[in-house]
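# Based on what follows, work out the 3D shape:
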Amino acid sequence: MAIDHLLQRDVPLAPLTTLGIGGPAKFFIRATTVDEVREAIAWATDHQQRVFILGGGSNLLIADEGFDGLVIHIDLRGVTVLSVDEYAMVRVAAGEVWDEFAAMAVANRWSGIECLSGIPGSAGATPIQNVGAYGQEVSETIARVEALDRTTSLVRSFTNWDCRFGYRSSLFKNYERERWVVLSVTFRLKVDGSATVRYPELRRYLDERGIALDDLTHVRDAVIAIRKRKGMVLDPTDPDTRSDGSFFMNPILTAEQHDDFRRHAGTEDAPGFPSNDGTVKLSAAWLIEHAGFTKGFTHGNVGLSSKHSLAIINRGGGTAREVRELVTMIQEKVREQFGVEIHPEPNFV
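Predicted coordinates for the structure are as follows:
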């Protein structure tokens, strides 16, 4: 096949992840065009090999044994401004670095993703996870997602509605997980807009420094400063940032479940964030810390960040087995103490 010259064997995957953990790929291809993605999938089918689609390597835990199949590293590039009037419609190829696009949007005074600054990974991964932080989610600005159907090799365009977005969820993650390969994402961003700030910590930071909401550059700087304070911005000199970011999702409870939780916990102090639908979002960080896992907790060569209890870090030489052991320990203790289930965000491969 035409892609035979791109095929590599036994490629280490750990260096391609933010956590720095995982064994090699049996076969590996870096795809820079849609045709290469299509041909790589066809090659895997012909050779009866499993396929894993790799983006920016964040939000991912790869087994110590690696992946026994073909890893397709999506490296499609290009940012195309489709139109600019009241809103800017911008198509971003899946392999583009997310934070570079966030910086571009802010520089152009296009609002809608400024609170998602500093998040590692690729643009193509953002709709899969419905990436969110500091009160914003990408689903608020995504107009279309273009994806390749692995079963038919055809490309389909999805509207925002088609994507079935929810809290850290989407069609691509929760309903048809193995079917689609995201190729590009089109964003609808407000021209000369103001930041939407819903997160109290960010609001306080801006107010204390007199930063206006229409000053997108300084709002972005504020978001990155807060993320750095929590070890949530990649920094090769800071071992606390060798992580997948927030490892656990905040649990969402019904009103009845929330009442049960408060009785179980024996406290009214646990933070809860009510939604319009009557559900309450708990703080996974609070649950973890009050279950006895403080910042800096260690388990072998992995542990919790000294800056943020939601971040599981690789302290050096960490293994996927150690991460999974730590995850299980935390889940069991939170369940035992509070009667609440907390679930990991990263994809386990």
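# quick one: low-confidence ranges for the stretch 201-349 of the chain?
When residues are selected by pLDDT under 70, those of the stretch 201-349 of the chain lie in 232, 240, 266-268.
# try 90
With pLDDT under 90 as the threshold, the stretch 201-349 of the chain has low-confidence stretches at 201-203, 205-206, 210, 212, 226-286, 290-291, 295, 305-316, 336-341, 344-349.
# Could you write out the alpha-carbon coordinates of the lengthiest helix in the chain in PDB?
Identified as the longest helix of the chain according to DSSP state H is helix 320-338. Written as PDB, here are the backbone C-alpha positions of helix 320-338 (Å, rounded to 0.1, in the frame of the first residue of the first chain):
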ATOM      1  CA  ALA A 320       0.500   2.200  34.400                       C
ATOM      2  CA  ARG A 321       0.000  -0.500  36.900                       C
ATOM      3  CA  GLU A 322       0.900   1.900  39.700                       C
ATOM      4  CA  VAL A 323      -1.500   4.500  38.400                       C
ATOM      5  CA  ARG A 324      -4.300   2.000  38.300                       C
ATOM      6  CA  GLU A 325      -3.500   0.800  41.800                       C
ATOM      7  CA  LEU A 326      -3.700   4.400  43.000                       C
ATOM      8  CA  VAL A 327      -6.900   5.100  41.100                       C
ATOM      9  CA  THR A 328      -8.500   2.100  42.700                       C
ATOM     10  CA  MET A 329      -7.300   3.000  46.200                       C
ATOM     11  CA  ILE A 330      -8.800   6.500  45.800                       C
ATOM     12  CA  GLN A 331     -12.100   5.300  44.400                       C
ATOM     13  CA  GLU A 332     -12.600   2.700  47.100                       C
ATOM     14  CA  LYS A 333     -11.900   5.100  49.900                       C
ATOM     15  CA  VAL A 334     -14.200   7.800  48.500                       C
ATOM     16  CA  ARG A 335     -16.900   5.200  48.100                       C
ATOM     17  CA  GLU A 336     -16.400   3.800  51.600                       C
ATOM     18  CA  GLN A 337     -16.400   7.300  53.200                       C
ATOM     19  CA  PHE A 338     -19.000   9.200  51.200                       C
END
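# let's number from 709 now, not from 1
Sounds good: first residue 709 from here, last item helix 1028-1046.
# Now do that helix: which elements does it pack against?
Where contact means 3 or more CB pairs under 8 Å, 6 or more residues apart in numbering; DSSP states H and E, helix 1028-1046 is packed against strand 768-769, helix 963-973, helix 992-998, strand 1006-1007, strand 1010-1012, strand 1019-1022. For glycine as for every other residue, the C-beta is placed from the backbone atoms N, C-alpha and C.
# Out of the ones you listed, which gets nearest to residue 944?
Comparing those against residue 944 with CB to CB, the closest turns out to be strand 1019-1022 (12.8 Å).
# what's the helix or strand following the longest helix of the chain packed up against?
The element immediately downstream of helix 1028-1046 (helix or strand, assigned by DSSP states H and E) is strand 1055-1056. Counting contacts by 3+ CB pairs under 8 Å, 6+ apart, the secondary-structure elements packed against strand 1055-1056 are strand 768-769.
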